[in-house]
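Novice: Generate coordinates for the sequence data below:
(2 chains)
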Amino acid sequence: EDKVVQSPLSLVVHEGDTVTLNCSYEVTNFRSLLWYKQEKKAPTFLFMLTSSGIEKKSGRLSSILDKKELFSILNITATQTGDSAVYLCAVEAWGSRLTFGEGTQLTVNP
Amino acid sequence: SAVISQKPSRDICQRGTSLTIQCQVDSQVTMMFWYRQQPGQSLTLIATANQGSEATYESGFVIDKFPISRPNLTFSTLTVSNMSPEDSSIYLCSVAGRGTADSYNEQFFGPGTRLTVL
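Specialist: So this is what the prediction gives:
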């Protein structure tokens, strides 16, 4: 059975801090790993990672994948209160089916 | 990314009734999926909606409880049948990119339908 584990499950930081969110996985027929931000109902797409060692970057967010050690990290630098959300890691297997981790609840205090 | 809409955005239903949720995409997509997010939990895949054929259900989900239609490449419906309070969840449709099943497809989610069953 495919499995995705995220850590920590929750995190409280102050504005300006840098955070690192972790995602490890065990998946048959791995195709890609995706990160989403969920604030209300709909997860918002952040990154899709398919190759090891290639950092993807978007503003203050960045992510990298290690296919040998089966994990990914999501970094957020200079955090802002608007970064407060649940961050979801999902792994894509055959047929684009996604298996999600439990998510990391990030709270950024002013 | 594709623009995805869902109707209704929320509903409160009585036990034993059924609700059909619609998902509309603004462009043709290869793959459409239905997910459920129960309170305090992460997303779980219910099924892959296949255009022109029966949906492919994940373990623990059956067609009698969650019938799915996909008449074309831009539209799908999910029905939650004979509802009980345990069906109270957010239901989300998602679409893979415009690539083929063999290419890497970013997957985007609709706005979700919040269902409460009394």
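
Novice: Now do the phi/psi pair for the residue of chain B found nearest chain A.
Specialist: Residue nearest to chain A within chain B (Cβ to the nearest Cβ): B:Gly112, separated by 3.4 Å. C-beta coordinates here come from the backbone N, C-alpha and C atoms, glycine included. The phi/psi pair for B:Gly112 (degrees, to the nearest 10) reads phi 90, psi 160.

Novice: What about it, how many residues nearby?
Specialist: B:Gly112 has 23 neighbouring residues, counting by other Cβ atoms under 10 Å in any protein chain shown.

Novice: residues touching it, list them.
Specialist: B:Gly112 makes contacts with A:Lys41, A:Ala42, B:Gln6, B:Ser9, B:Gln37, B:Ile90, B:Tyr91, B:Leu92, as judged by Cβ atoms under 8 Å, 6 or more residues apart in numbering or on different chains.

Novice: Quick test: name the residue nearest the centre of chain B.
Specialist: B:Trp34 (2.8 Å; Cα atoms, centre = their mean).

Novice: Settle this for me: A:Arg15 is touching A:Thr107, isn't it.
Specialist: You called it Arg, but residue A:15 is Glu. No. A:Glu15 is not in contact with A:Thr107 according to Cβ atoms under 8 Å; the separation is 11.0 Å.

Novice: how close does A:Glu102 get to B:Gln24?
Specialist: 30 Å (Cβ to Cβ, to the nearest Å).

Novice: Quick check: residues of chain A near chain B?
Specialist: Within reach of chain B by Cβ under 8 Å from any Cβ of the partner chain, chain A has these residues: A:31-32, A:34, A:36, A:41-45, A:48, A:50, A:88, A:90, A:92, A:95-103.

Novice: Near chain A, which residues of chain B are found?
Specialist: Residues of chain B lying close to chain A by Cβ under 8 Å from any Cβ are B:1, B:31, B:33, B:35, B:41-45, B:48, B:56, B:58, B:90, B:92, B:94, B:96, B:101, B:104-112, B:114.

Novice: Once you drop chain neighbours, what's closest to the closest residue to chain B within chain A?
Specialist: Nearest to chain B, among the residues of chain A, is A:Lys41, at 3.4 Å (Cβ to the nearest Cβ). Taking Cβ to Cβ, 6 or more residues apart in numbering or on different chains, and ignoring the residues beside it in sequence, A:Lys41 has B:Gly112 as its nearest neighbour in space, at 3.4 Å.
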